[in-house]
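Visitor: generate a structure from the sequence data that follows.
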Amino acid sequence: MTKKLLIITYYWPPSGGAGVQRWVKLSKYLPKYGIEPIVLTVDSGSASYQDLDPSLNDEVREDLRVIRTRSFEPINWYKRLFGGKDLPSGGFANVGRLTWKKKLMFALRSNLLIPDPRIGWKNYAYRSAQKLLRSESIAAILTTSPPHSVQLIGNKLKRKTDIPWIVDLRDPWTDIYYYDTLRHSAWSHLRNTRMERAVLENGDHFLTVSEDLKQLFCRKTSRPLSTLFNILPNGFDPEDFKEVRAPESNVFTLVYTGTMAEQYRPQVFFKALKNAIDDLPEIKVELKLIGAFPPMIDALIEENQLTEITRKVDTVPHYESIDWLMQAHMLLLLIPDVVNAEGILTGKLFEYLASRRTILCIGPLLGGAAKILQETRSGRTFTRQDEAGIRQFIKDQMLLLTSGEWQLLDNSTLIKQYSRDNQAQEVADLISRLSVRGVSPGH
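Guide: Residues are numbered from 1 along each chain as shown. Presented below is the predicted three-dimensional model:
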C-alpha cells in the first residue's frame, strides 16, 4: 500500500543548489518503493533564493504534487533598496569586505529575523500544511533545512498531530561556519539555541549528512538521540551519469565546481599547482573554476602566475556542471577550514565520485569526506600544511596522462551506496517503520 510523505522545503526549483537536488532527486525514486511524496514549498514569486537554476524544474517528476504558498520576505525589500548583488550567496562566497550596508543587513537579519530571513514563510506554510493534513492520509511529515525556520513549521505541526515528524538537518544550525559573521546579539543567539534544542527534543526521527554532524546535534540536548538518527549523505542520480566519458583534451585539466568562500583557504592548492607546473614545464595544464568565487581567488591566481591557464565560469545550471566534470582529469575538493569541518560533506563530493575522476581533497584527514574517498578509492586528502604532498599528487596525475596510463576509476560498485535510488529505498524503509508504530521510540 502506498504511503504519503509530506515534504516541507523552502528551496525547490527554480531555486538552485545541492539542498534543492537532495529532495528533488529522492522524490523521483520514492514512488518506486511505495512512497508518494507531496511537496509543500514557497511560491517562487514570493521567495528570496540565493541561487537560481530553472533547469532543475526538468528534474521534477511530472506526477509529483507540488503545493506552493505565499511568503513575507523582508530581505526582498533590501534588494529593492540596495540591489541584490550585496546579498550573500550560498556559503557567503561573495561576502568580502564588510561595508556599512552589509553590517546593517547582518545586524537586522540576525536580531529581527530569527532564526533566518525566511521565517516569514512559517505561518503561510503551517496553514497550508494543516489544510492538507485534514484532507489527506499522511504517513509522515519531513522538514528539511536550511533554512532552519522550516523546522519551526514541523515543530508547530507536531504539537497538533501525532503524525511522525522526520527532521532533515543538512547543515549545522548555530554551528554553521559563517554563523559568527551574522553578528548575533546575546539575545538572538539565545533564541536560536532554544529553537534548535526544541526541534531536537520534539522530532520523532532525524536525518543528517554525516556521523560528525549527528554527534554535533546529539550534544545539544540531554535527550538520548543517537538511535533516532539516520545518516543520509547527499548523493548522485545515476541517470545523470549514464554516459561517463574520458576528457577529449590532452591538456591536463583540473576542475572545481561550486562556491569557494574565503573560509575554504585555497592558498596551498594554488601554490602547489604552480610548483607542480614549474617542475613539469613540458606538460600543458588547464584549471577550470566553475561557480561563485570571492575577489581573493583572482588575487591568488595572479600571485601564483596561473592567469594564462585558468578559466573561470559563473555558476551554471546543474546539467552543465556535470558536463564540466567530464572535461576533467582531476577534481578539486576543498573542505572549509572551520570548526567542525570533519562533518562537512558537500553535495558535489558525490557527483565527483560518480564522474569516476581522481579527487584531490584538501581538508581534515579524519573527516567524513576523507573517509569516503578512502573507502571508494576515489582520491586522497591532504592537510593545508602538506604543500609538498599536494604538489606530488598533482604531478603524479599529470604524468599518468602524458604516459598514456590515465583512465577513469573503476569504482562503480563502491559508490553505489550513494546513489539517490539506494537512498530513496532507505527513506522509504524508515517511513514504513515509523508509520507502523505511530512514532519513534523517543516519544
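Visitor: is it fair to say Trp23 lies in a strand?
Guide: No. If the criterion is DSSP: H, G, I helix; E, B strand; the rest coil, then Trp23 is helix and not within a strand.
Visitor: now do the end-to-end distance for stretch 315-329.
Guide: End-to-end distance for stretch 315-329, by Cα to Cα, to the nearest Å: 21 Å.
Visitor: pLDDT (mean, whole number) over that stretch?
Guide: Mean per-residue pLDDT for stretch 315-329: 95.
Visitor: could you do stretch 254-272 as well?
Guide: 95.
Visitor: stretch 412-428 now?
Guide: The model assigns stretch 412-428 a mean pLDDT of 96.
Visitor: how about the helices in the stretch 151-300 of the chain?
Guide: Here the stretch 151-300 of the chain has its helices, by DSSP state H, counting those that start in this stretch, at 186-202, 211-218, 267-279, 295-303.
Visitor: export those to CSV and tack on mean neighbour count?
Guide: For the C-beta atoms, the positions are set from N, CA and C on the backbone; glycine is no exception. Putting these into CSV (neighbours: other Cβ atoms under 10 Å) gives the following:
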stretch, mean neighbour count
helix 186-202, 16
helix 211-218, 20
helix 267-279, 19
helix 295-303, 15
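Visitor: closest to Lys158 out of those helices?
Guide: helix 186-202 (5.3 Å; Cβ to Cβ).
Visitor: can you lay out the helices of the stretch 151-300 of the chain as a markdown table showing distance to Val20?
Guide: Output for these, formatted as a markdown table (distance: least, Cβ to Cβ, whole Å):
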| stretch | distance to Val20 |
| --- | --- |
| helix 186-202 | 21 |
| helix 211-218 | 19 |
| helix 267-279 | 28 |
| helix 295-303 | 25 |
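Visitor: for Ile362, find the nearest of the ones you listed.
Guide: Judging these by Cβ to Cβ, what sits closest to Ile362 is helix 267-279, at 6.0 Å.
Visitor: export only the CA atoms of the closest one, formatted as PDB.
Guide: The C-alpha trace of helix 267-279 is given here as PDB (Å, rounded to 0.1, in the frame of the first residue of the first chain):
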ATOM      1  CA  GLN A 267      46.100  29.200  -0.900                       C
ATOM      2  CA  VAL A 268      48.000  25.900  -0.600                       C
ATOM      3  CA  PHE A 269      46.400  24.500  -3.700                       C
ATOM      4  CA  PHE A 270      47.400  27.400  -5.900                       C
ATOM      5  CA  LYS A 271      50.900  27.300  -4.600                       C
ATOM      6  CA  ALA A 272      51.200  23.500  -5.100                       C
ATOM      7  CA  LEU A 273      49.800  23.700  -8.600                       C
ATOM      8  CA  LYS A 274      52.200  26.500  -9.500                       C
ATOM      9  CA  ASN A 275      55.200  24.400  -8.200                       C
ATOM     10  CA  ALA A 276      53.900  21.300 -10.000                       C
ATOM     11  CA  ILE A 277      53.800  23.100 -13.300                       C
ATOM     12  CA  ASP A 278      57.300  24.500 -12.700                       C
ATOM     13  CA  ASP A 279      58.600  21.000 -12.000                       C
END
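Visitor: which secondary structure elements does that helix sit against?
Guide: Here helix 267-279 touches strand 285-290, helix 295-303, strand 358-362, helix 387-402, going by 3 or more Cβ pairs under 8 Å, 6 or more residues apart in numbering; DSSP states H and E.
Visitor: tell me the most buried of those?
Guide: Highest mean neighbour count of those: strand 358-362, a mean of 23 (counted as mean count of other Cβ atoms under 10 Å).
Visitor: ok now it, how far from the chain's centre?
Guide: 18 Å (Cα atoms, centre = their mean, to the nearest Å).
Visitor: repeat for stretch 334-341
Guide: Put simply, stretch 334-341 sits 14 Å off its chain's centre (Cα atoms, centre = their mean).
Visitor: quick one: average confidence on it?
Guide: Averaged over stretch 334-341, pLDDT sits at 90.
Visitor: what comes into contact with that stretch?
Guide: 91, 172, 175, 177, 212-213, 216, 256, 260-261, 263-266, 269, 344, 346, 361-364, 367, 369, 384 (Cβ atoms under 8 Å, 6 or more residues apart in numbering).
Visitor: now with 6 Å, please.
Guide: 175, 177, 216, 263-266, 344, 362-364, 369 (Cβ atoms under 6 Å, 6 or more residues apart in numbering).
Visitor: got the residue ranges for the strands in the stretch 301-443 of the chain?
Guide: Remark: strands assigned in the stretch 301-443 of the chain by DSSP state E, counting those that start in this stretch are 310-313, 330-334, 358-362, 379-382.
Visitor: could you tell me the end-to-end distance of stretch 238-246?
Guide: OK, stretch 238-246 end separation, Cα to Cα: 17 Å.
Visitor: what's the answer for stretch 308-324, then?
Guide: By Cα to Cα, one end of stretch 308-324 lies 19 Å from the other end.
Visitor: what do you get for stretch 332-343?
Guide: Stretch 332-343 end-to-end distance (Cα to Cα) = 18 Å.
Visitor: now do that stretch: distance to the chain's middle.
Guide: 13 Å.
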